Each structure stands twice: as structure tokens, then as C-alpha cells.
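Novice: Just need the structure, nothing else, for what follows:
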Amino acid sequence: MPRSSVYSDDDWKKVTPHIPPVYEKKAYNLIYDHHSHTYFSDGVLTIKQNVEWHIAMGFNALTITDHNNMRHLEKIKKVKEEYFEKGILITSGIEWTTVRIHLNFLGVSKWDTRISYKL
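Specialist: Numbers count the residues shown, from 1 in each chain. Below you'll find the model as predicted:
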């Protein structure tokens, strides 16, 4: 369940996306954020809100990498299908977080190992 916040799924719909100066849509440019959190770890946005924020900021690809869990997988699948037709690439991942390291695994669709914060 999302933490209480003042955000809605439509908060970024009226924002004009930032387009980088040398972006050429026909050249298949990828504006990609490989590290983003949702309410499944220490973020406050739902997956859909997170995607809408990225679109508003000019991204066309992102990976959700919540800390030490992949509880977001089922929700990502639904949102991924909705935005794929709009040209937005959404992938899943995990940020392996301990007291010593933060390491992102991108494109991961399954994680069975328990991660301890203290090694």
C-alpha cells in the first residue's frame, strides 16, 4: 500500500516534458533512468506515478529498483503493458542495499535470496 502522499496519477500530465537539446526521436534515442524507487521501498510514488514523473522529466525508459525486494513485479507488469504502446520502456530490477554497498541489478524478474543490511 502506498504511503500517504499528496500525489495523484495525473499530477504530471500537464507538465511539458524536458527534451534534451540533441534528442532526435527518429534516431531511437533512449533517455533512461536506471535507478528509481517506489513506495515498495523508500519512495513515496506508486509505479504509475513514478512513470508519469519520468515522462514529465523527458525520460522514455526507466527501471524500478526498489531496495532489497521485488514486491513491485506484478504491478510493473500491468503498468509496463499500458505504457509500452506509448513508447515508454519500463523494466524491473532490484537495488541490493547493505551497510557497505548499493548495487543495482537491472532487468531482473526474480529474486529469491534474502538480503541482510549487515554483512
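Novice: Look through the chain and tell me its longest helix.
Specialist: The longest helix of the chain (DSSP state H) is helix 73-84.
Novice: How far off centre is that one?
Specialist: 11 Å (CA atoms, centre = their mean, to the nearest Å).
Novice: Can you list the low-confidence ranges for this structure?
Specialist: 1-5, 19-25, 117-119 (pLDDT under 70).
Novice: Bridged to the residue positioned nearest the centre of it, which residues?
Specialist: Closest to where the C-alpha atoms of the chain average out (CA atoms, centre = their mean) is Ile64, at 3.2 Å. Note on Ile64: beta-bridge partners by DSSP bridges are Ser36, Ser92.
Novice: hang on, isn't it packed against Glu95?
Specialist: No - counting by CB atoms under 8 Å, Ile64 stays clear of Glu95, with 9.7 Å between them. For glycine as for every other residue, the C-beta is placed from the backbone atoms N, C-alpha and C.
Novice: anything in contact with each of those two?
Specialist: Common contacts of Ile64 and Glu95, defined by CB atoms under 8 Å, 6 or more residues apart in numbering, comprise His37.
Novice: which of the residues in stretch 46-60 are buried?
Specialist: 46-56, 59-60 (16 or more other CB atoms under 10 Å).
Novice: Sorry, wrong one. I was asking about stretch 65-75.
Specialist: Thr65, Asp66, His67, Asn68, Met70, His72, Leu73, Lys75.
Novice: Which pair of these spans the longest distance?
Specialist: Greatest spacing in the buried residues of stretch 65-75, by CB to CB: Asn68 and Lys75 (17.2 Å).
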